[in-house]
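*Asks:* The following comprises the amino acid sequence and a computationally predicted model.
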Amino acid sequence: MKKIFFLLITFVCISFSADNFEDIKKQYFKSYDYEQMGKYSEAIKVLAPLYSKYPKGYTLNLRFGWLFYLNKNYNDAINYYKKASIINNYALDPKLGLIRIYLDTYSYTKAETISYEILKIDFYNYYANLYLIKALIFQNKLDTAKKITLKMLALYPTDILFLEQLAFIYEKQNNKYLQELYKNILILDPNNVYVRNKLK
């Protein structure tokens, strides 16, 4: 995580002086440390002075969106993700962040809509497809969810997350291949908690 954000900081801070860059790096790294400890409010506070100077920074808005999401301040998280999306309207990360929030807050139609927006740009985007499948399952749009799941399993045949989504669909449809699917998941992931609980 630190390496990824270090690259983002480097990209965003090209116009900053060397002194500013070191200060910015320290604030970000303190924020990462607090995040790892689960102290999300502190992680936000550390970056607040930086945000007051650079409110139009894409990386800062994305970071605030993520931290407020972790802290379950969903309205604030939505606002920062939307700001990041306006600053860089080609970026997919803020949209993926919004989808996570909408799934967590049971706003499945909103999650579905944004997922489709991403798929118009990147048809095989891993997380947009995964989140879309979840949104569709919650809405009982099972045939569409199954179609998308099979599309992704054609690319990632041993991917546990997509195999689990297929299991959720099979459960709802009382599919005769469900038990076989459980066994296949356990071959790939012997300690899979979800499947083990189902087979008790």
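*Replies:* Thanks, I have it. Everything numeric in this text was worked out from a predicted model, so none of it was measured.

*Asks:* contacts and neighbour counts: CA atoms only from here.
*Replies:* OK.

*Asks:* Just checking the distance from the top helix by length along the chain to the centre of its chain.
*Replies:* As assigned by DSSP state H, the longest helix anywhere in the chain is helix 18-36. Centroid separation for helix 18-36 versus its chain: 23 Å, with CA atoms, centre = their mean, to the nearest Å.

*Asks:* and stretch 102-118, which residues are buried?
*Replies:* For stretch 102-118, a neighbour-count test (16 or more other CA atoms under 10 Å) marks 102, 103, 108, 109, 111, 112, 114, 115, 118 as buried.

*Asks:* about what we covered before: so which elements touch the longest helix of the chain?
*Replies:* helix 2-12, helix 40-53 (3 or more CA pairs under 8 Å, 6 or more residues apart in numbering; DSSP states H and E).

*Asks:* If I take that helix and helix 40-53, what angle do their directions form?
*Replies:* 160 degrees (axes from the mean of the first three to the mean of the last three CA atoms, to 10 degrees).

*Asks:* please begin residue numbering at 58 from this point
*Replies:* Shifting the count to begin at 58 puts that one at helix 75-93.

*Asks:* What mean pLDDT does stretch 123-133 get?
*Replies:* Confidence for stretch 123-133, expressed as mean pLDDT, is 98.

*Asks:* worst average pLDDT in the helices and strands packed on helix 75-93?
*Replies:* Among the helices and strands packed on helix 75-93, helix 59-69 scores lowest, with a mean of 47.

*Asks:* can you give me the helices for this structure?
*Replies:* With DSSP H as the criterion, the chain has helices spanning 59-69, 75-93, 97-110, 115-127, 131-144, 150-161, 165-178, 183-195, 199-212, 217-230, 235-245, 250-255.

*Asks:* In CSV, list the C-alpha atoms belonging to the second one.
*Replies:* What follows is helix 75-93 as a C-alpha-only set of coordinates in CSV (Å, rounded to 0.1, in the frame of the first residue of the first chain):
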residue,chain,number,x,y,z
ALA,A,75,11.7,19.3,-2.5
ASP,A,76,11.0,20.5,1.0
ASN,A,77,7.2,20.3,0.5
PHE,A,78,7.6,16.9,-0.9
GLU,A,79,9.3,15.6,2.2
ASP,A,80,6.6,17.1,4.4
ILE,A,81,3.9,15.6,2.3
LYS,A,82,5.5,12.2,2.4
LYS,A,83,5.8,12.3,6.2
GLN,A,84,2.1,13.2,6.5
TYR,A,85,1.1,10.4,4.2
PHE,A,86,3.2,7.8,5.9
LYS,A,87,1.9,8.8,9.3
SER,A,88,-1.6,8.4,7.8
TYR,A,89,-0.7,4.9,6.6
ASP,A,90,0.6,3.9,10.0
TYR,A,91,-2.6,5.0,11.7
GLU,A,92,-4.6,3.2,9.0
GLN,A,93,-2.8,-0.1,9.8
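
*Asks:* buried residues in that helix?
*Replies:* For helix 75-93, using 16+ other CA under 10 Å, the buried residues are 78, 81, 82, 84, 85, 86, 88, 89, 90, 91, 92.

*Asks:* Check the spacing between the third one and residue 101 real quick.
*Replies:* Translated: residue 82. According to CA to CA, to the nearest Å, residue 82 and residue 101 sit 15 Å apart.
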